[in-house]
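Peer 1: One predicted model, sequence on top.
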Amino acid sequence: MTVATSIARAPAARPARSWSTRLEPYALVLPAMIVLAFFFAGPAIYNVALAFQDLSLFDLGKEGRWVGFANFQEVLTNPSTAHALYNTAIPLTLVTVVGRLLLGLGLALLLNASVFSRWRLGWLVRSLVLVPWVTPPVVAVAAWKWLLDARYGVVNQLLVATGIIDRGIPFLAKTSTVWGAVETMLIWRELPFVVITLLAALQSIPSDLREAAKMDGANEFQIQTSIVLPLLKPVLTVITLLTTIWTFNNFVYVWLATRGGPGDYTQVLATQMYMTSFVDYRMGAGAAIGVVMTLIMFVFALVYFFIMFREK
Amino acid sequence: MNVKSWRSLALATTCLVALSGFSGTVSAQDKVELVFRQFDPPTEIDGLVKAVDAWNASHPDIHVTMQTMNGADTLAQLAREVPAGAGPDIQHLAFVWTRDLARSGLLMDLDDDIKSDPPGKGIDDFLATDLATLDGKIYGVPWSADTFAMAYRPDLLQAAGLSFPDTWDDLAAAAKKLTTEDGQYGFCFPAGSSPDSGMWTLVNYYLWSNGSTLVDETSPGKWEVTVTKEALEAAMNYFNGFFVDGMAPESLITVNAWGDPELLGALGRGDCAIGIFPPQTFRAAEAQSETPLMTAQIPQGSVKRISHLGGRALGINPNTKHPKEAWEFVRYLVGPETFKTYNQYPAQKSLLDTLDFAESEEGYVKMLPLAQTFERYISSPIQVSTMTGVVNKEFGAVFSGQRSPEEASQAVIDELNDLLARGK
């Protein structure tokens, strides 16, 4: 018996694996690795290398003059970078992320109301919410620019017709209104992602919890603040981090709406990078701005990965 | 499928591939394919399309495909493509780009072609060849030439009892009279802050006509910022006055392009009484207007009346596999056949002299002899696009109230000084 047991527990002799079998897993992931290296790592490394060179757009095929940290020194000591960084961080990112979270949460709570499922309208409202998100940003900005036009725009015509203002406001030309206009465009276009994600999270909260709380005498406000919101916290954190990263790097909305103007009032890091690279033709300095942006976002990405890792 | 079948299939495939390659070679030998890229807006290229179609109809052995690209993206696209061994065979170039591209080897040296097979009546018959020349060699053939003129609604000026203003001060006074309570503005112009905004052109007309220029070569090889803070401030105050006094709609502070619908239709709609346009945009505005439009000279300053000689050149990509055919097509484009349908002024002087200008385009006829190229800036150590960006940004900052003219004019001078120092 003892012998039999020891025989049974003895490790089975592993069959000798041929070199081709051992290489098989690597061969399977190789195409994906090549694609990643070619389309992601390669350009990123090239961009970092460019940031240490003095190179004109016209000389992209040649090697630039290596200038050490001169591009970073210039970018970081340039007052316009501080201005662009402020614009990127506060009016573009903070305001629109907070706006999207508040509006998104409100809309998701509304859309989660049982009345929609009772009337079988859930599919309709979810589809309507997605409309801005399926609109290409170029079209969305062009439509908003038309809506906000001082003379022919619907918004101004409505405001004039209702007697709120005497004459149309050129929203994108005035420093007092231009950021509000850009933020409106961005929030309108990007809100659906927040709404749909939060709606999915809300619908995953078991109804038993609500019912138990109601039986314990909790009112709707208490249910929302003490049960729903704490359960949404992980999703809200991920949404906040993702929208922050996407918005901080965003170029499209500011460029299409104002091109950084009037003056440089709405200049953000992404548009400054574009101007430096493709208007001043200074690829090295433009790449340095890109590296600075990446480093800032790297911090947010680390937080994101930390949270994801902790959840797993 | 057994091994024999696989072998047969592989052999058949190989034969097919080889045959298709062979037939491809044959067809390539028979027919040359050229790509010509141009950047005029699609609304203004009907005539050019006809010219290219006519070429294709008369040249069965050389087929040209025309690509259209946004002007603002064209230069960067070319700078990316050519070093990678790609790009169109023939490229439509702004005058101001040619030398920069040639300096980096992104255009073919056309000297030999010009000598052996000269375009039109010879290269000396073309305007602005200096802008296409680097170290004595020519890298682009001037194709079209233009300048700007004021455009206006004669009926509105007549109703206000005005003749067209002669000086900048007269223009401001006339604009005031032409501005009405019911939404008619005196003078409309693109006042956007973007590097490609038309504001740059107006600013330079104003400065040049008043004896100033942003930078100049004060002695051989020595470039300095020659515009004074006072001159810049005066220019900023002058143009800002149109917004402050309500003679131009504030919405124009976001308008960059001459062909923006806000400007293009403004004269026809009666939103504006006076505007300023390049020729092809004026024609588009005329087409949108039910009442006749006219053009007039650019106002004169304290020193002279002046505009810029702008235009387009044609260059050949050094990567082209068909330089001979590409040159043949360039010669065709600059020739009289093209300008029968192409809605631009030719850069060839002998062709320009034979052109019948419409009566409404009299302003351009008068301004062409007074026009000067941007050579003074192109030769400087500062990129013209950078200078344009600085000037437009600071004028936009004044128009929007972000900075005072005093602060903005100082900012322009400081930035130009920095750029000159860096350029050295």
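Peer 2: Nice, thanks for sending it over. Numbering: from 1, shown residues only, chains lettered A, B, ... in the order given.
Peer 1: per-residue pLDDT, residue 230?
Peer 2: Defaulting to chain A. The model reports A:P230 with a pLDDT of 91.
Peer 1: The intended chain is chain B.
Peer 2: In this model, B:E230 carries a pLDDT of 97.
Peer 1: Name the nearest residue to it, sequence neighbours excluded.
Peer 2: Once flanking residues are discounted, B:E230 sits nearest to B:S409: 8.0 Å by C-beta to C-beta, 6 or more residues apart in numbering or on different chains. Every C-beta, even on glycine, is put in place using the N, C-alpha and C of the backbone.
Peer 1: Which residues are in contact with B:A235?
Peer 2: B:A235 sits next to B:203, B:206-207, B:210 when contact means C-beta atoms under 8 Å, 6 or more residues apart in numbering or on different chains.
Peer 1: Give me the phi and psi for whichever residue of the stretch 51-200 of chain B sits closest to chain A.
Peer 2: The stretch 51-200 of chain B approaches chain A most closely through B:P83 (2.6 Å), counting by C-beta to the nearest C-beta. Phi and psi for B:P83, reported as degrees, to the nearest 10, are phi -60, psi -20.
Peer 1: Go ahead and confirm it touches A:G61.
Peer 2: Yes: B:P83 is within contact range of A:G61, at 2.6 Å (criterion: C-beta atoms under 8 Å).
Peer 1: Settle it for me: which of those two has more neighbours?
Peer 2: Counted by other C-beta atoms under 10 Å in any protein chain shown, B:P83 and A:G61 do not tie: B:P83 has more neighbours, with 18 against 14.
Peer 1: Which pLDDT value goes with the more buried one?
Peer 2: On pLDDT, B:P83 comes in at 90.
Peer 1: what about the closest residue in space to B:D109 that isn't next to it in sequence, distance to B:L78?
Peer 2: Distance criterion C-beta to C-beta, 6+ apart; nearest residue to B:D109, sequence neighbours excluded, is B:K137 at 5.1 Å. Separation of B:K137 from B:L78 (C-beta to C-beta, to the nearest Å) stands at 19 Å.
Peer 1: what's the weakest-modelled helix or strand in chain B?
Peer 2: The helix or strand with the lowest mean pLDDT-type score in chain B, counting by mean pLDDT, DSSP states H and E, is helix B:3-30 (a mean of 50).
Peer 1: Relative to whichever helix or strand comes after that one, what are the paired strands and their orientations?
Peer 2: Next along the chain after helix B:3-30, taking DSSP states H and E as the criterion, comes strand B:32-38. Note on strand B:32-38: by DSSP bridges, its sheet partners are strand B:62-68 (parallel), strand B:90-94 (parallel).
Peer 1: Buried deepest among those, which one?
Peer 2: Highest mean neighbour count of the strands paired with strand B:32-38: strand B:90-94, a mean of 26 (counted as mean count of other C-beta atoms under 10 Å in any protein chain shown).
Peer 1: Next secondary structure after it?
Peer 2: On the C-terminal side of strand B:90-94, the closest following helix or strand by DSSP H and E is helix B:98-103.
Peer 1: what sits up against that next one?
Peer 2: Counting by C-beta under 8 Å, 6+ apart, A:58, A:281, B:75, B:78-79, B:93, B:107, B:109, B:131-134, B:137, B:139-140, B:313, B:315, B:378, B:383 sit against helix B:98-103.
Peer 1: Can you report how many residues lie near the residue lying closest to A:G180 once chain neighbours are set aside?
Peer 2: Spatially, and ignoring its direct neighbours in sequence, A:G180 is nearest to A:F171 (7.3 Å; C-beta to C-beta, 6+ apart). Residues near A:F171, counting by other C-beta under 10 Å, number 25.
Peer 1: that's a helix at A:F171, yeah?
Peer 2: No: applying DSSP: H, G, I helix; E, B strand; the rest coil, one finds A:F171 to be coil, outside a helix.
Peer 1: And it, its phi and psi?
Peer 2: phi -50, psi -40.
Peer 1: Surely it and A:E183 touch.
Peer 2: No: applying C-beta under 8 Å as the test, A:F171 and A:E183 come out as separate, 11.2 Å apart.
Peer 1: what about stretch B:49-64, average pLDDT?
Peer 2: 96.
Peer 1: in that stretch, what's buried?
Peer 2: Buried residues in stretch B:49-64, counted by 16 or more other C-beta atoms under 10 Å in any protein chain shown: B:51-52, B:55, B:59, B:62, B:64.
Peer 1: For A:T77, give its distance to B:I90.
Peer 2: 44 Å.
Peer 1: where does chain B come near chain A, residue by residue?
Peer 2: Within chain B, the positions near chain A by C-beta under 8 Å from any C-beta of the partner chain are B:76, B:79-80, B:82-84, B:100-101, B:103-104, B:106, B:183, B:192-195, B:249-254, B:256, B:262, B:271, B:383, B:385-386, B:389, B:393-394, B:396-403, B:408.
Peer 1: Now a PyMOL select for only the buried ones of those.
Peer 2: Here is the PyMOL command that picks out the buried ones among those, judged by 16+ other C-beta under 10 Å:
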select buried, chain B and resi 76+79+82+83+100+101+104+106+192+193+194+195+249+250+251+252+253+254+256+262+271+383+385+386+389+393+394+396+397+398+399+400+401+402+403+408
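Peer 1: any low-confidence regions in chain B?
Peer 2: Within chain B, the ranges that satisfy pLDDT under 70 run B:1-29, B:424.
Peer 1: what's the answer for the stretch 1-150 of chain A, then?
Peer 2: A:1-16.
Peer 1: sec struct for the closest residue to chain B within it, please.
Peer 2: Residue of the stretch 1-150 of chain A nearest chain B, by C-beta to the nearest C-beta: A:G61 (2.6 Å). Recorded secondary structure, A:G61: coil (three-state DSSP).
Peer 1: for it, what are its contacts?
Peer 2: Neighbouring residues of A:G61 by C-beta under 8 Å, 6+ apart: B:82-84.
Peer 1: Next, count neighbours for B:A231.
Peer 2: 18.
Peer 1: Now name the helix or strand holding it.
Peer 2: Applying DSSP H and E as the criterion places B:A231 in helix B:229-244.
Peer 1: Would you mind listing the buried residues in that helix?
Peer 2: Of the residues in helix B:229-244, those buried (16+ other C-beta under 10 Å) are B:231-236, B:238-240, B:242-243.
Peer 1: and the next element down the chain from that helix?
Peer 2: The C-terminal neighbour of helix B:229-244 among helices and strands, as given by DSSP H and E, is helix B:261-264.
Peer 1: how about that following helix: buried residues?
Peer 2: So for helix B:261-264, counting by 16+ other C-beta under 10 Å, buried means B:262-264.
Peer 1: secondary structure class for the residue of the stretch 251-400 of chain B found nearest chain A?
Peer 2: Residue nearest to chain A within the stretch 251-400 of chain B: B:A397 (2.8 Å; C-beta to the nearest C-beta). Assigned state for B:A397: helix (three-state reduction, three-state DSSP).
Peer 1: Which residue is the nearest non-sequential neighbour of it?
Peer 2: A:G263 (2.8 Å).
Peer 1: hang on, isn't the one you found packed against B:S404?
Peer 2: No: applying C-beta under 8 Å, one finds A:G263 not in contact with B:S404, separated by 11.7 Å.
Peer 1: Who has more neighbours out of those two?
Peer 2: Neighbours were counted for A:G263 and for B:S404 using other C-beta under 10 Å; A:G263 has more, 25 against 15.
Peer 1: who in the stretch 1-150 of chain A is up against chain B?
Peer 2: Taking C-beta under 8 Å from any C-beta as the test, the list of the stretch 1-150 of chain A residues beside chain B reads A:56-62, A:149-150.
Peer 1: Show the buried residues in those.
Peer 2: By the neighbour-count criterion of 16+ other C-beta under 10 Å, these include these buried positions: A:56-60, A:149-150.
Peer 1: now, among those residues, which is nearest to B:L355?
Peer 2: Among those, A:F58 lies closest to B:L355 (C-beta to C-beta), at 34.7 Å.
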